[in-house]
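Enquirer: pasting the sequence and the predicted coordinates here, then a few questions.
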Amino acid sequence: MRIATWNVNSMRQRMPRFLPWLDERSPDVVCLQETKVTDDAFTELLGTELQERGYAVAAHGQGQWNGVAILSRVGLEDVVTGVAGAPDWDIPEARAVAATCGGMRVHCLYVPNGREPDSDHYRYKLAWLAALREVIAAGPADAMVLGDINIAPTDEDVFDPGAFAGQTHVTPPERAALAEILALGFHDVVRDRWPTERVFTYWDYRAGMFHQDLGMRIDLALASAPVAARVAAAWVDRQARKGTGPSDHAPVIVDLDEAPDGDIGPMVPPPSARPARRGTRKLPQSG
DNA sequence: ATGCCTGAAGGGTTCAGA
C-alpha cells in the first residue's frame, strides 16, 4: 500500500499538476493540505476524476485558507473532521481529517503555523498539538500521522539553523510537542530511512531557494510501531516541486508491505510508479 | 528588502505563508 501526503497550496491552482502526479505515483491513500477550497468546490474540481480512478474522498475545507482532504481507494471509513478538544481560532479552521483506510487510522493534518513565538497563534499551535496527542493516544494501534506539521524536528531539518533561531517551527516547545506524539510509539519514517541525508519537503518560492536546496523538512509521515515495521520505502517526491506551477511543498510518499495478518490487500503499484532505488547515496540535487 | 514568490479576496490593494 502506498500512502502520500502533499501540501498542494491551493487545489485550484495545482490542478495542472495534481492529476498527472496522482497518475504517475499512483498512491492508494493521499493526504492533502492547504486545499483552499470548500468541499463543494473540491467536488467540482476533482469529483469525477477521482471517482473514475476509484478514490473515495473525505474533504474538509473552507474557502480561502487551510483545507484538508483524504483520498483513498482502499476504503475510507469513520471519517472525523477536526481535532477533538483542540481550540478554535476566531473562526474554526479546517486543519484535520481522519479516516480508517486499509485497516489503518490515517490522520491528515495541517498544523497551525504559529507565526511568532509567544503570539496567540503560537499558543494556539501548541494547544492544538496537545489536543492532537490525546486523540492519537486514544486511537488504534495501527495508525499514521501525516501532513504539514509545521515543525522541523531537529536542526538537521532546516538548511541553516542560524537563519531560524528564535523563529517558529524550530522552538523547543514546538519540538517537545512533536516529541510527545512520537513518544506514543510513532516513528518518523522518512528520517528513519534517510538518517544522515539532506532531506527537505518545503522550499520558499523566493530567491531560488529550491534551486539551491535551501529548505525545511516540515511535512512528516509518522507511523505507529506496527505500521513502521512494514515500511518498504519512504521518500520526498522532489520532482513535484520542479517545473511550472509547483506547490512550495513536495509530497512525501511511503510504501507499506502488506500487514502480517493479511487482512488488507491493496494492489501494489507497478514498478514504473515506484522511485528508482537510491541506496544510500545522496538525494539528487535540484536542477 | 523580515516579503526576494505565490495565492486569495476584492478592488486598484491587503494579508498570509514558514
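Expert: Alright, I've got the coordinates. Numbers count the residues shown, from 1 in each chain, chains lettered A, B, ... in the order given.
Enquirer: what mean pLDDT does stretch A:33-52 have?
Expert: In this model, stretch A:33-52 has a mean pLDDT of 97.
Enquirer: what's in contact with that stretch?
Expert: Around stretch A:33-52, the neighbours that count as contacts under C-beta atoms under 8 Å, 6 or more residues apart in numbering are A:5-12, A:15, A:18-19, A:57, A:59-69, A:71, A:108-110, A:147-148, A:247, A:249. Placement of C-beta: from N, CA and C, glycine included.
Enquirer: residue numbers of the stretch 51-200 of chain A in contact with DNA strand B?
Expert: A:63-65, A:112-113, A:115-116, A:121, A:148, A:150, A:167-169 (C-beta under 7 Å from any atom of the strand).
Enquirer: farthest-separated two in those?
Expert: Maximum pairwise distance in those, criterion C-beta to C-beta, is 28.6 Å, between A:G63 and A:Q167.
Enquirer: selection in PyMOL covering whichever of the contacts of stretch A:33-52 are buried, please.
Expert: Selection of buried members from the contacts of stretch A:33-52 for PyMOL, criterion 16 or more other C-beta atoms under 10 Å:
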select buried, chain A and resi 5+6+7+8+9+10+11+18+57+59+60+61+62+66+67+68+69+71+108+109+110+147+148+247+249
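Enquirer: and the residue lying closest to A:A96 once chain neighbours are set aside, what does it touch?
Expert: Sequence neighbours aside, A:V83 is the residue nearest to A:A96 in space, at 4.8 Å (criterion: C-beta to C-beta, 6 or more residues apart in numbering). Shown in contact with A:V83 (C-beta under 8 Å, 6+ apart): A:95-96, A:128, A:131-132, A:135.
Enquirer: among these, who's most crowded?
Expert: Among those, A:R95 has the most neighbours (other C-beta atoms under 10 Å), with 27 neighbours.
Enquirer: now the nearest residue to that residue once chain neighbours are set aside. Its backbone dihedrals?
Expert: Once flanking residues are discounted, A:R95 sits nearest to A:Y110: 4.5 Å by C-beta to C-beta, 6+ apart. With angles defined as degrees, to the nearest 10, A:Y110 sits at phi -120, psi 90.
Enquirer: and A:Y110, bridged to which residues?
Expert: In this entry, A:Y110 is beta-bridged to A:D148, by DSSP bridges.
Enquirer: so it makes contact with A:N66?
Expert: Yes - using C-beta atoms under 8 Å, A:Y110 makes contact with A:N66 at a distance of 6.0 Å.
Enquirer: joint contacts of the two?
Expert: A:34, A:94-95.
Enquirer: dump those residues to CSV, plus secondary structure.
Expert: Listed next are the shared contacts of A:Y110 and A:N66 as CSV, based on DSSP: H, G, I helix; E, B strand; the rest coil:
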residue, secondary structure
A:E34, coil
A:A94, coil
A:R95, coil
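Enquirer: and which of those is nearest DNA strand B?
Expert: A:E34 (6.4 Å; C-beta to the nearest atom of the strand).
Enquirer: how much space separates the closest one from A:A223?
Expert: Going from A:E34 to A:A223 by C-beta to C-beta, to the nearest Å gives 23 Å.
Enquirer: same thing with A:E52?
Expert: 30 Å.
Enquirer: can you check A:A152 too?
Expert: In terms of C-beta to C-beta, A:A152 sits 19 Å off from A:A223.
Enquirer: A:V79 too?
Expert: Counting by C-beta to C-beta, the gap from A:V79 to A:A223 is 20 Å.
Enquirer: centre of the chain to stretch A:163-172, how far?
Expert: 21 Å (C-alpha atoms, centre = their mean, to the nearest Å).
Enquirer: remind me, longest helix of chain A?
Expert: In terms of residue count, the longest helix belonging to chain A (DSSP state H) is helix A:120-137.
Enquirer: mind giving me the packing neighbours of that helix?
Expert: Counting contacts by 3 or more C-beta pairs under 8 Å, 6 or more residues apart in numbering; DSSP states H and E, helix A:120-137 packs against strand A:104-110, helix A:172-182.
Enquirer: mean pLDDT and distance to A:D90 added to the ones you listed, as JSON lines?
Expert: As requested, the helices and strands packed on helix A:120-137 are exported to JSON lines (pLDDT from 0 to 100; distance: least, C-beta to C-beta, whole Å):
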{"stretch": "strand A:104-110", "mean pLDDT": "98", "distance to A:D90": "17"}
{"stretch": "helix A:172-182", "mean pLDDT": "98", "distance to A:D90": "22"}
